[in-house]
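Novice: Return a 3D structure for these sequence lines:
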Amino acid sequence: MRTFETWMEQYGESHQNPTNQIIHKIMVPLIMWTILGLMWEIPTPTFMHDYAFLNWSTLFGVGCMIFYLTLNFKMFVGMIFMIVPMYLSIYYLAQMPEVSLWKLMLIVFVIAWIFQFVGHKIEGKKPSFLDDLAFLLIGPLWVLRSFYKVFGINV
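Specialist: Predicted structure coming up:
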C-alpha cells in the first residue's frame, strides 16, 4: 500500500506547471462536488428514503473518508471541512424545484474536466488517473495540502 507521501509525490509529477496547478486547485474540488451531486441523484432503495443524507453520494463519501483516514489523519480532518459544505450545498440545491441538480452537476462536471485536460495539455503530461484511477481520490488531497501550506500546516 502506498503511503500518503508516495501518493503526493506521484501525483505532483504531472502537476508542476503553475497554470496547471491553478486549474487543478479550482477544478478538482468542483469535480468532487459534481460527482457527489450526480451520485446524489441516483435513485435509492425504498428503505433509504426516510433519511435525507442516506444515498449513494453519502455512501461514496464515507468510503472516500475511510480511505483518507488510512492515509493521513490531518488530511482526513481537512477533507471533512471540504466535503461537508459540498454536501450541504447539494442538499439545498436538491430542495429547490427550479434547479435540475443532475443537469447543473453534469454541466459543471464537463466544463471542469475540459479545464483539467487543458491544464494537462499545458503541462505536457497525461493526467495521473490514466495510470491509476485511485488518483481521482488523491487530487482533492493534493489541493488540500497546498491549502494547508498557505497556512503553515505541514502534512
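Novice: Do you have the helices of the chain handy? List them.
Specialist: 4-13, 18-40, 56-71, 73-95, 101-123, 135-150 (DSSP state H).
Novice: just how off-centre is the fifth one within its chain?
Specialist: A distance of 13 Å separates the C-alpha centroid of helix 101-123 from that of its chain, computed with Cα atoms, centre = their mean, to the nearest Å.
Novice: Would you mind listing the buried residues in that helix?
Specialist: By 16 or more other Cβ atoms under 10 Å, the buried positions in helix 101-123 come out as 101, 105, 108-109, 112, 115-116, 119-120, 123. Every C-beta, even on glycine, is put in place using the N, C-alpha and C of the backbone.
Novice: Distance to residue 92 and pLDDT for those - can I get that in JSON lines?
Specialist: Below are the buried residues of helix 101-123 laid out as JSON lines (distance: Cβ to Cβ, whole Å; pLDDT from 0 to 100):
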{"residue": "101", "distance to residue 92": "10", "pLDDT": "96"}
{"residue": "105", "distance to residue 92": "14", "pLDDT": "98"}
{"residue": "108", "distance to residue 92": "16", "pLDDT": "98"}
{"residue": "109", "distance to residue 92": "19", "pLDDT": "97"}
{"residue": "112", "distance to residue 92": "20", "pLDDT": "97"}
{"residue": "115", "distance to residue 92": "25", "pLDDT": "97"}
{"residue": "116", "distance to residue 92": "26", "pLDDT": "95"}
{"residue": "119", "distance to residue 92": "30", "pLDDT": "96"}
{"residue": "120", "distance to residue 92": "33", "pLDDT": "94"}
{"residue": "123", "distance to residue 92": "35", "pLDDT": "94"}
